[in-house]
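**Q** Here is my input; please provide its structure:
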Amino acid sequence: MENNNLFLAFDFGAESSKSVCGSLDKDKLILHELYRFKTGMLFLNGHYYWNIYRFYEEIINALTICTRKENLQPSSIAVDTWGVDFGFLAEDDTILRIPYAYRDPQVIEAMPDFHQIIDPEDIYALTGISMQPFNSLYHLHALRKNQDLVLKSARRLMFLPDLLNFLLGGVKKTEFSFATTSQLFNPFKYRWEEKLLEEVGLDLSFMNEIIPPGTVLSGLKQDICQQAGIRKANLTAVCSHDTGSAIVAVPAEGEDWAYISSGTWSLMGMELDSPLVNAQARKGNFSNEGGAGGRYRFLKNIMGLWLLQQCRKNWSDSGREYSYTELIEKAEASGSFKVLIDPDHQSFYNPPDMLSAIDEFCIQTSQKKPVSPGEYARTIMESLALKYRHVLDELIEITGRKVSTIHIIGGGSRNKLLCQFTANATGKKIIAGPAEGTAAGNIMMQAIALGKTGSLDEARKIIRNSFPAGHYIPRDTKYWEQAYSKFLDLTGSHFRTDT
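**A** Have a look, this model is predicted:
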């Protein structure tokens, strides 16, 4: 069935990925999940990688399901992924080794080492991006310091969505929202920052042209169309950084709102017309990441549901399988504020055993360890909600803007307990959904690119018309204020990593 209003989003997440079909019907967006698969890092010889070729195969699988099983012919497809990760092309356009993952151990020491070369204040002034060990800048520094042989043959740096778009359409472009995550982009000059490239052994010849989201890149390669049974389809650049796509789907009106894109990471911030780079923003370690319509996402990275995902993996490895629904129910039945942690503590970044890492944090902070899956889950969710409160306070102070509502989008918006905890901790009204915000934002940017809808504001109106929202009002705020005071004491200078 051919439909000029039919779009296909490929949304890659660190834990799982999916292909979602979307169609516009007057003023509504209708989503249909076609295919889902585990993403997962590949651990090999002491390093973590992303298997880019398997990702490509899964895209072909999804396209084939779309056409041959569902009898659908999309007019456009687009890819989004998590940020920062990259690979290289050789002179003959061969992909040089599968890309390292951002949690690879070689990045851990690269950031402080690079700061001996260029002061972090200068880096922030050039890029407006927070100091995070996983940023592309520091991973490139690690490769150069380790004399990685791939650099000898590399001729073009390609970020993860760039590689997939290259395999699908033969194009070499980098989309704006993803470029900003690298800490190699200067938002004031709107171009790659040559000073930083030089320090990691690159120059502008390695870098792609930067294009805005909502750009048609090319047609899908003919051999892929034949293999998958597609007559023809556009390959479109959306906000290829998944958080950028998710923020497109925030069903907000006005300006008195903040957002949390809740998944493996929690990205909490505001939408601004221009970058906000000053001493307060740098001290708070806030990023200015690109968004749709030339806007900027002024935000902070928070470790997010990664902690619960890894605890669940640890239980599974020991033969105890818990669904997220079961863990939320067990958390709700557990006592409140027994244990608090700093979700952003470095020990939680990629430990071999998350349960042991939480236990060790408790020992260091003179707290009793959780004793059940419910207590671990509640500890994580209460601590995340209190961290959101802390970041909200910083956002309001730095921007001077009022916030009456927080929009939670992404998979975490399905977690009713965490949404309620967030309302309690922040004292703000929470609007939750859409859960498939990234796919919805991806599809709406395709619609903008193909002229099916006119603007970001119009796209958000369609989102409001299309998905039911959960509403949460603050409760028990007195007890949460007491817990917040304890949280601030607990996450003091000895345990803060966002400096």
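**Q** Show me where the stretch 201-350 of the chain dips below the pLDDT cut-off.
**A** Along the stretch 201-350 of the chain, segments meeting pLDDT under 70 are nowhere present.
**Q** Dump stretch 374-388 to CSV, restricted to CA.
**A** The C-alpha coordinates for stretch 374-388 follow below in CSV (Å, rounded to 0.1, in the frame of the first residue of the first chain):
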residue,chain,number,x,y,z
GLY,A,374,12.2,-3.7,45.6
GLU,A,375,14.6,-1.7,47.9
TYR,A,376,17.2,-1.4,45.1
ALA,A,377,14.6,-0.3,42.6
ARG,A,378,13.1,2.2,45.1
THR,A,379,16.5,3.6,46.0
ILE,A,380,17.3,4.2,42.3
MET,A,381,13.9,5.9,41.6
GLU,A,382,13.8,8.1,44.7
SER,A,383,17.4,9.2,44.1
LEU,A,384,16.7,10.0,40.4
ALA,A,385,13.7,12.1,41.4
LEU,A,386,15.8,14.0,43.9
LYS,A,387,18.5,14.5,41.3
TYR,A,388,15.8,15.9,39.0
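**Q** Buried ones in it, by neighbour count?
**A** Neighbour-count burial for stretch 374-388, counted by 16 or more other CB atoms under 10 Å, picks out 374-388. To be clear about C-beta, it is placed using only N, CA and C from the backbone, and glycine gets the same treatment.
**Q** ditto for stretch 329-340
**A** Under the neighbour-count rule (16+ other CB under 10 Å), stretch 329-340 has 330-331, 334, 337, 339-340 buried.
**Q** ditto for stretch 150-169
**A** Here stretch 150-169 shows 151, 154, 156-169 as buried, counting by 16+ other CB under 10 Å.
**Q** Over to stretch 228-248?
**A** For stretch 228-248, using 16+ other CB under 10 Å, the buried residues are 228, 230, 233-248.
**Q** Give me the subset of those that lies in strands.
**A** Assigned to strands by DSSP state E, the following of the buried residues of stretch 228-248 qualify: 234-237.
**Q** could these go into CSV alongside distance to Ser356?
**A** Below are those laid out as CSV (distance: CB to CB, whole Å):
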residue, distance to Ser356
Asn234, 48
Leu235, 44
Thr236, 44
Ala237, 42
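**Q** Nearest to Ala258, out of these: which one, please.
**A** Distance to Ala258, by CB to CB, is smallest for Ala237 among those, at 26.9 Å.
**Q** any idea how far that closest one is from Phe166?
**A** 12 Å (CB to CB, to the nearest Å).
**Q** Which residue ranges of the stretch 51-200 of the chain form helices?
**A** Taking DSSP state H, counting those that start in this stretch to define them, one finds helices in the stretch 51-200 of the chain at 52-64, 110-114, 120-127, 136-145, 150-153, 160-169, 176-181, 194-199.
**Q** Which positions within the fourth one qualify as buried?
**A** Along helix 136-145, these residues count as buried under the neighbour rule (16+ other CB under 10 Å): 136-144.
**Q** likewise the third one?
**A** Buried positions in helix 120-127, judged by neighbour count with 16+ other CB under 10 Å: 120, 123-124, 126-127.
**Q** hmm, back to that, out of the helices of the stretch 51-200 of the chain, which comes closest to Asp457?
**A** helix 176-181 (17.9 Å).
**Q** For the closest one, which helices and strands make contact with it?
**A** strand 209-211, strand 287-290 (3 or more CB pairs under 8 Å, 6 or more residues apart in numbering; DSSP states H and E).
**Q** Pull up the pairing partners for whichever helix or strand comes after the first one, direction included.
**A** Taking DSSP states H and E as the definition, the helix or strand that follows strand 209-211 towards the C-terminus is strand 215-219. Here the strand partners of strand 215-219, with direction, are listed using DSSP bridges: strand 234-237 (antiparallel).
**Q** outside of the strand it pairs with, which residues touch it?
**A** Applying CB atoms under 8 Å, 6 or more residues apart in numbering, the contact partners of strand 234-237 are 75-78, 165, 168-169, 171, 173, 175, 211-220, 445-446, 449-450.
**Q** how about that strand as CSV, C-alpha atoms only?
**A** Provided in CSV are the C-alpha atoms of strand 234-237 (Å, rounded to 0.1, in the frame of the first residue of the first chain):
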residue,chain,number,x,y,z
ASN,A,234,13.7,9.1,0.5
LEU,A,235,16.5,8.9,3.1
THR,A,236,16.0,11.9,5.4
ALA,A,237,18.1,13.6,8.1
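**Q** For Ile380, grab phi and psi.
**A** Torsion angles at Ile380 (phi, psi; degrees, to the nearest 10) stand at phi -60, psi -50.
**Q** if I pick it, what's in contact with it?
**A** Counting by CB under 8 Å, 6+ apart, Ile380 has contacts 305, 307-308, 311, 341, 343, 358.
**Q** List just the nearest of those residues to Thr399.
**A** Nearest member of these to Thr399, counting by CB to CB, is Pro343, at 22.6 Å.
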